[in-house]
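Asks: I would like to see how this sequence folds:
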Amino acid sequence: MDSARTRKKHDSNVRFPHRLKRHFKVTFKSSAIRLKDGQLLLSTGDKKRPVALRWAFDLPISVEIGWKETGGYELRAMYTDSRGVQVPLGEKVAGIDIGELRIAAVYDGEQVDLHSGRLIRARNHYANKHQAKLDEQISHKKNLRKSGSRSSKCLRRLQRARRLLRAKIKRQNKDQLRKQARMVVSTLHERRVQTVAVGDLSNIRDSIDYGKKANQKLHLWAFGQFLAELRSQATKFGLVIKIVDESFTSQTCPWTGARKKPKGRTFVSPCGQHHMDRDGVGAVNIRAKYLESVAGKGTAYGRTPTLPWTPVMAGMAPVTCGKRYRVLPVQGRDSQGVEGSTRP
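Replies: Numbers count the residues shown, from 1 in each chain. Okay, here's the model as predicted:
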């Protein structure tokens, strides 16, 4: 816009760059917000001319003014979440298989929900490529620098750009994991689930060796952060997280109990009659393992299970639906941008 103003003095045809109004917002931090005599005062840099609004609520921690999708400006006030712990609505048990491509496969006893992790994978891929370019430029600048001399401004700018890149990607991934964990836990709460069994991945990196590219993806796998977010959100809804050994859970047929290593993303039972997503199979078996450990005896596998909790009903694999998350919110939907369910 500064360059457009300069050129406009000599050329009347110059136009300012066009941006949609929703790209612009004004943010006021806590230090720029005051509450006095029923008015919310937002600092503008001039003590005598703040933005004054009639306010019947408490002092927010931050405020932003932005453009609504339906037209017009709106003021958004943020407060600390002071809601108490909710009471579980039922006593059901669910199983969760945490993955890299699918951040979570959730089985609540009736159906399997697949939550995509492609957005985080794509973001990490972009960060790695961009950081490799910065590392190459930084290495070149360091080689040109004489021993004992001070680093150049260009080198410091490159190093700062690398730090900011990693910090930005870390913040974005953390926000994404929190949103997806909230979606998983809130959905299970609505379906009357009280206990959530999650597969144990604590030592998985000790045995990972699938080649250079695959290892890079797996070592960027944020399963620990996602589990921490699940525990944090589960506390708010009164749910209990239980860690279960997930050995062979993606290779065991929930109906017959036979093992078969899947090829690709689809698990086909040894009898060839049952087809299901391999992550969904893992979630079903993790739930069954937990129920077996609680009972202390019996089995949830086979055509005649001795436990009353049969993971697969009537010989049919449970319905599988998918949930994806976009970077930007979709008009008319929540801020998490959840797409409609898709069935394979």
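Asks: Give the buried residues for whichever strand or helix holds L177.
Replies: Assigned by DSSP states H and E, L177 belongs to helix 153-190. Neighbour-count burial for helix 153-190, with 16 or more other Cβ atoms under 10 Å as criterion, is recorded at 155, 158-159, 162, 169, 173, 176-185, 187-189. No exception for glycine: its C-beta is placed from N, CA and C like everyone else's.
Asks: can you pull out the strands in the chain?
Replies: Counting by DSSP state E, the chain has these strands, from start to end: 25-28, 33-36, 39-42, 51-54, 62-67, 73-78, 92-97, 102-107, 111-116, 193-199, 240-244, 266-268, 275-277, 319-323.
Asks: low-confidence ranges in this structure?
Replies: With pLDDT under 70 as the threshold, the chain has low-confidence stretches at 146-150, 205, 207-208, 210, 297-344.
Asks: According to the record, where do the domains of it fall?
Replies: 2-78, 92-129+177-323 (automatic domain parsing).
Asks: Could you single out the most deeply buried of those domains?
Replies: When the domains of the chain are scored by mean count of other Cβ atoms under 10 Å, the highest mean neighbour count falls to domain 92-129+177-323 (a mean of 18).
Asks: And that one, how far out from the chain middle?
Replies: Shown here is domain 92-129+177-323, whose average C-alpha point lies 16 Å from the average C-alpha point of the whole chain (Cα atoms, centre = their mean, to the nearest Å).
Asks: same thing with stretch 65-83?
Replies: 22 Å.
Asks: who touches it?
Replies: Applying Cβ atoms under 8 Å, 6 or more residues apart in numbering, the contact partners of stretch 65-83 are 20-22, 24-26, 53, 57-58, 60-64, 236, 331.
Asks: Same question for stretch 6-14.
Replies: The set of residues external to stretch 6-14 that reach it, using Cβ under 8 Å, 6+ apart, is A4.
Asks: Convert it to PDB, retaining C-alpha atoms only.
Replies: Presented in PDB, the C-alpha positions along stretch 6-14 are these (Å, rounded to 0.1, in the frame of the first residue of the first chain):
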ATOM      1  CA  THR A   6       4.000   6.700  -3.900                       C
ATOM      2  CA  ARG A   7       3.200   5.600  -7.500                       C
ATOM      3  CA  LYS A   8      -0.200   7.200  -7.400                       C
ATOM      4  CA  LYS A   9       1.300  10.700  -7.300                       C
ATOM      5  CA  HIS A  10       2.500  10.200 -10.900                       C
ATOM      6  CA  ASP A  11       0.100   7.600 -12.200                       C
ATOM      7  CA  SER A  12      -3.600   7.900 -11.600                       C
ATOM      8  CA  ASN A  13      -4.300   4.400 -12.900                       C
ATOM      9  CA  VAL A  14      -2.500   2.700  -9.900                       C
END
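Asks: From the contacts of stretch 65-83, pick the one nearest L89.
Replies: Checking the contacts of stretch 65-83 against L89 with Cβ to Cβ, the nearest one is K236 at 14.0 Å.
Asks: Specify which member of the contacts of stretch 65-83 is nearest to S247.
Replies: If you rank the contacts of stretch 65-83 by distance to S247 using Cβ to Cβ, K236 comes first, at 30.8 Å.
Asks: ok now do that closest one, which residues does it touch?
Replies: K236 makes contacts with R83, V85, Q86, V185, as judged by Cβ under 8 Å, 6+ apart.
Asks: and the gap between the last one and N173?
Replies: Separation of V185 from N173 (Cβ to Cβ, to the nearest Å): 18 Å.
Asks: If we ignore the residues flanking it in sequence, what's nearest E100?
Replies: Excluding its sequence neighbours, the residue lying closest to E100 (Cβ to Cβ, 6 or more residues apart in numbering) is W221, at 4.6 Å.
Asks: Isn't that neighbour up against L101?
Replies: No. With contact defined as Cβ atoms under 8 Å, W221 does not reach L101; the gap is 9.8 Å.
Asks: A52 contacts D37, doesn't it?
Replies: No. In terms of Cβ under 8 Å, A52 does not count as a neighbour of D37; the distance is 9.7 Å.
Asks: what touches both of these two?
Replies: Among the neighbours of A52, none is also in contact with D37 (Cβ under 8 Å, 6+ apart).
Asks: now the domains of the chain in TSV, with distance to D135?
Replies: Listed next are the domains of the chain as TSV, based on distance: least, Cβ to Cβ, whole Å:
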stretch	distance to D135
domain 2-78	31
domain 92-129+177-323	10
